[in-house]
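[1] next come a sequence and a model predicted from it.
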Amino acid sequence: MKYCVFDDRTKDYLCCYYSILDNMIQSMEGADTNDSISHNFIVQMIPHHQAAIEMSDSLLQYSAWLPLRRIAANIISSQTKGINDMCRIAECCDKPSSCCDLTLYQRRLQNITHTMFCEMDGIRSSNNINVNFMRGMIPHHLGAIRMAENALHYGLCSELIPILEAIIISQRRSVQEMQRLLRLAGC
């Protein structure tokens, strides 16, 4: 079996990645949820977005590869906007959901986040920081897409719906681009 020995830059990058991941998991699982699906989505998606911003900032410190730097910059821009939009509407998103809807939403959310956390924690790391970023960010984005699609099955604050649709569109586009770049890198 062949083992990869990481250089110091890769070790530093991976330490930062896992620290951000651990903080995201803790913040999402410890979010102050209530009986509103709209509220719960917001308080769990904000730390999710914040982690993507921090991971992208970290990549920009380590990578000069222009195609991935553009993706990281777009993540920072779009997810900063998403956080601001969610904060702006948070107060109007406290309408209680039915107990049945809340239970169904939460059960599916637990499956989505568990899968996302496991996939992000178990990335196959290499000495290529660009590849490591994409291998971690793809399941992160797929998790956001699934979280948004899950929420759209239920009655939500009307102002939240375009935010969820924007998450789905922008993150699908980003996943497709990172998958293309991984293929180009032979991964």
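    Received it, and whenever you're ready, just let me know what you need. Numbering: from 1, shown residues only.
[2] quick one: what helix or strand has N23 in it?
    Using DSSP states H and E, N23 maps to helix 8-29.
[3] tell me the mean pLDDT for that helix?
    Throughout helix 8-29, pLDDT has a mean value of 97.
[4] what comes up buried for that helix?
    Across helix 8-29, burial judged by 16 or more other CB atoms under 10 Å covers 10, 13-14, 16-17, 20-21, 24-25, 27-28. From N, CA and C alone the C-beta is placed, and that goes for glycine too.
[5] what does stretch 126-142 give?
    128-142.
[6] pull the distance from that stretch to the chain's centre.
    How far stretch 126-142 lies from its chain's middle: 12 Å, per CA atoms, centre = their mean, to the nearest Å.
[7] average pLDDT for it, rounded please.
    Average pLDDT, stretch 126-142: 97.
[8] quick one: name whatever helix or strand follows the strand or helix carrying A144.
    Per DSSP H and E, A144 falls inside helix 129-151. Counting by DSSP H and E, the next helix or strand C-terminal to helix 129-151 is helix 161-184.
[9] and the pLDDT for A185?
    Note for A185: predicted pLDDT of 81.
[10] now do the phi/psi pair for it.
    Dihedral pair for A185: phi -80, psi 0, per degrees, to the nearest 10.
[11] need the contact list for it.
    By CB atoms under 8 Å, 6 or more residues apart in numbering, the contact set of A185 is 128, 130-131.
[12] output those as JSON lines; include the columns distance to Q110.
    JSON lines is the format used below for these (distance: CB to CB, whole Å):
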{"residue": "N128", "distance to Q110": "33"}
{"residue": "N130", "distance to Q110": "32"}
{"residue": "V131", "distance to Q110": "30"}
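[13] any idea how far the nearest residue to L181 once chain neighbours are set aside lies from I37?
    Nearest non-adjacent residue to L181, counting by CB to CB, 6 or more residues apart in numbering: P67, 5.9 Å away. Counting by CB to CB, to the nearest Å, the gap from P67 to I37 is 37 Å.
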